[in-house]
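Prediction below, plus the sequence it came from.
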Amino acid sequence: MNIPLREPFVISTERLDYLPYALIKIGTDEGINGYGEATPSWASTGETQESVLGAAKLMRQFFIGMDPLDIEGVGSVADYNLHFNSSFKAGVEEALFDIKAKSLKAPLHRLFGQKKEDTIEIPFVVGMKDEGAAVKEISNALSRGFKSFKIKAGADIEIEKNVIRATRGLSSEAKIFVDANQGWKSPENAIKKIKEIERYEIEWIEQPILAADIKGNSTIRKNVGVKLMLDESIQSIWDCERAIEYDAMDIVNIKIAKTGGFLNADELIRMCDEHGKKYILGSMIESSLGTAFMAHFASCRNFLSCEACGVYLITEDTGEGLEYWDGYIRVPESPGVGIKLSEKYR
Ligand SMILES: [Mg+2]
């Protein structure tokens, strides 16, 4: 799937002119098809669209003949035979959940437990762009009803500071999240940059420096007055365990594409709950399909925020069935994930 974007999406480590993703389709001998969305990101999961397609070609031989309802079993086979490739594995698991829910003629959220809400609040995400354009977009989104704003940082702090200050000026109630996507590089530099913006009542600063530098993140956390979230640093429970050991974060950004699916995401959630850490459900910019999966999952968990912003950034829905408007997404109620893929992507 090459999904067109309204405009290029730029963060400190990547520039996307369109979304180079892959649709995972799993067929069964009972005629039920399941669909999942693999959302590779070279800077986050180390995958590309080509590597996902390669993984699918390779792994078919192991999956064919397995019971699609044994989601854990298929996951184990995937993990044992293929290291990494988390967004591919997430796409496979999504397709299996879709099959399972369809076979029960139930909406997917029923498989995730008790639904707590029918609609999910979504923040407005602002990629890197010139100051005027960013502020205009935020002001517009505020008047349309968005209540929280995720601002990408990690490049030009003057522009970023001005955008954050302007946002705070437009609304004293808006929640502001700042994501540096590893861009501040060293702990010393990150502390300096955070000090320049922390007065604007920021909810949290996300991934200030390199993913691997857990000790550095711990140093930053001790020296700033704002909560620290780790994203690229935390893919697995092993990463999370290490970050907890080093006291390196307050909040974890959990993404299905990083954990390899919902089952592993739940393991991360359990670990966070045990250690008093909060978590959000992060986004890779999913299309309607991946967004619907996120909505089902988020409706049954306690995420501080669900960043399923993809549908606001793409120019066409990959399928029908997802209802969304400014700042909110409705959890689908038809069987399975609830998305009927359009002809082009099926
Ligand atoms: Mg992030």
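Everything's here; your move. Residues are numbered from 1 along each chain as shown.

contacts and neighbour counts: CA atoms only from here.
Noted.

Sticking with N264, tell me its helix or strand.
helix 262-274 (DSSP states H and E).

and that helix, what other elements does it pack with?
helix 237-245, helix 256-259, strand 278-281 (3 or more C-alpha pairs under 8 Å, 6 or more residues apart in numbering; DSSP states H and E).

Who are the contact partners of the closest residue to E241 other than its chain neighbours?
Leaving aside its sequence neighbours, E241 sits nearest to M271 (C-alpha to C-alpha, 6 or more residues apart in numbering; 7.9 Å). M271 makes contacts with I237, C240, E241, as judged by C-alpha atoms under 8 Å, 6 or more residues apart in numbering.

Now render those residues as a markdown table, adding pLDDT, neighbour count and distance to G169.
Formatted as a markdown table, those follow (pLDDT from 0 to 100; neighbours: other C-alpha atoms under 10 Å; distance: C-alpha to C-alpha, whole Å):
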| residue | pLDDT | neighbour count | distance to G169 |
| --- | --- | --- | --- |
| I237 | 95 | 19 | 39 |
| C240 | 98 | 20 | 36 |
| E241 | 98 | 16 | 38 |
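
quick one: which of those residues is nearest Q207?
Closest approach to Q207 among the contacts of M271 (C-alpha to C-alpha): C240, at 13.6 Å.

Please report how far the closest one lies from N253.
Separation of C240 from N253 (C-alpha to C-alpha, to the nearest Å) stands at 11 Å.

same thing with A101?
26 Å.

just to revisit the earlier point, most tightly surrounded among the helices and strands packed on helix 262-274?
helix 256-259 (a mean of 28; mean count of other C-alpha atoms under 10 Å).

Give me the packing partners of that one, helices and strands only.
Under the contact criterion of 3+ C-alpha pairs under 8 Å, 6+ apart, helix 256-259 touches helix 86-103, helix 262-274.

pLDDT on that helix, on average?
The pLDDT scores in helix 256-259 average 98.

Kindly format the C-alpha coordinates of it as PDB.
Written as PDB, here are the backbone C-alpha positions of helix 256-259 (Å, rounded to 0.1, in the frame of the first residue of the first chain):
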ATOM      1  CA  ILE A 256       1.800  -2.000  18.100                       C
ATOM      2  CA  ALA A 257       4.300  -1.700  15.200                       C
ATOM      3  CA  LYS A 258       7.200  -1.700  17.700                       C
ATOM      4  CA  THR A 259       5.900  -4.400  20.100                       C
END
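
out of the helices and strands packed on helix 262-274, which comes closest to F146?
So among the helices and strands packed on helix 262-274, strand 278-281 is nearest, using C-alpha to C-alpha, at 17.5 Å.

any idea which element G75 lies in?
Going by DSSP H and E, G75 is in helix 71-81.

Show me the longest strand that occurs in the protein.
strand 2-10 (DSSP state E).

May I see the buried residues of it?
The neighbour-count check on strand 2-10 (16 or more other C-alpha atoms under 10 Å) flags I3, P4, L5, P8, F9 as buried.

Next: stretch 131-146.
Neighbour-count burial for stretch 131-146 flags E131, A134, V135, I138, S139, A141, L142, F146 (criterion: 16+ other C-alpha under 10 Å).

any chance of those residues in a markdown table, plus distance to E203, secondary structure and pLDDT?
Below are these laid out as a markdown table (distance: C-alpha to C-alpha, whole Å; DSSP: H, G, I helix; E, B strand; the rest coil; pLDDT from 0 to 100):
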| residue | distance to E203 | secondary structure | pLDDT |
| --- | --- | --- | --- |
| E131 | 21 | helix | 96 |
| A134 | 19 | helix | 97 |
| V135 | 19 | helix | 97 |
| I138 | 17 | helix | 98 |
| S139 | 19 | helix | 98 |
| A141 | 19 | helix | 97 |
| L142 | 17 | helix | 97 |
| F146 | 16 | coil | 97 |
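
Many thanks, have a good one.
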